[in-house]
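> requesting a structural model of the entry that follows:
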Amino acid sequence: MYHEWDNYLISNFEQGNISFLRIDDKRKDITIDFKPNEQGSLLVEKFKFIPGTYKARLKWRNLSKDYYREQNLIIE
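Numbering: from 1, shown residues only. Below is the predicted model:
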């Protein structure tokens, strides 16, 4: 579901990066700078990843305020 509030966040987005951290091997970590598209989505190619468990750390700035979110992710 897409809300007008989502459009407000997207239009005021300043910068961000997402880090995919491999629990078992730091050499397989991936960090990507990003800006979401008009729908608020970010597409990351699966081929960049080796199957396994990652910790996704998302950091972004919106209207001069910093945000952070962390989540476990399994790539098959």
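> all strands for this structure, in order.
Applying DSSP state E to the chain gives strands spanning 13-22, 30-33, 52-62, 65-75.
> between those strands, which one is closest to residue 39.
Ranking these by proximity to residue 39 (C-beta to C-beta) places strand 13-22 first, at 12.5 Å. From N, CA and C alone the C-beta is placed, and that goes for glycine too.
> ok, that closest one: who's next to it in the sheet?
Next to strand 13-22 in the sheet, as set by DSSP bridges, lie strand 30-33 (antiparallel), strand 52-62 (antiparallel).
> export these as a markdown table, with columns for mean neighbour count.
Converted to a markdown table, the strands paired with strand 13-22 look like this (neighbours: other C-beta atoms under 10 Å):
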| stretch | mean neighbour count |
| --- | --- |
| strand 30-33 | 12 |
| strand 52-62 | 16 |
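> who are the contact partners of residue 43?
By C-beta atoms under 8 Å, 6 or more residues apart in numbering, the contact set of residue 43 is residue 37.
> now do it against residue 69, distance only.
As judged by C-beta to C-beta, to the nearest Å, residue 43 and residue 69 stand 18 Å apart.
> now residue 61
Remark: distance between residue 61 and residue 69 (C-beta to C-beta) = 13 Å.
> okay, the strands paired with strand 13-22 in CSV with distance to residue 17 next?
Shown next, in CSV, are the strands paired with strand 13-22 (distance: least, C-beta to C-beta, whole Å):
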stretch, distance to residue 17
strand 30-33, 5
strand 52-62, 6
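> would you turn the ones you listed into TSV with mean pLDDT?
Shown next, in TSV, are these (pLDDT from 0 to 100):
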stretch	mean pLDDT
strand 30-33	92
strand 52-62	91
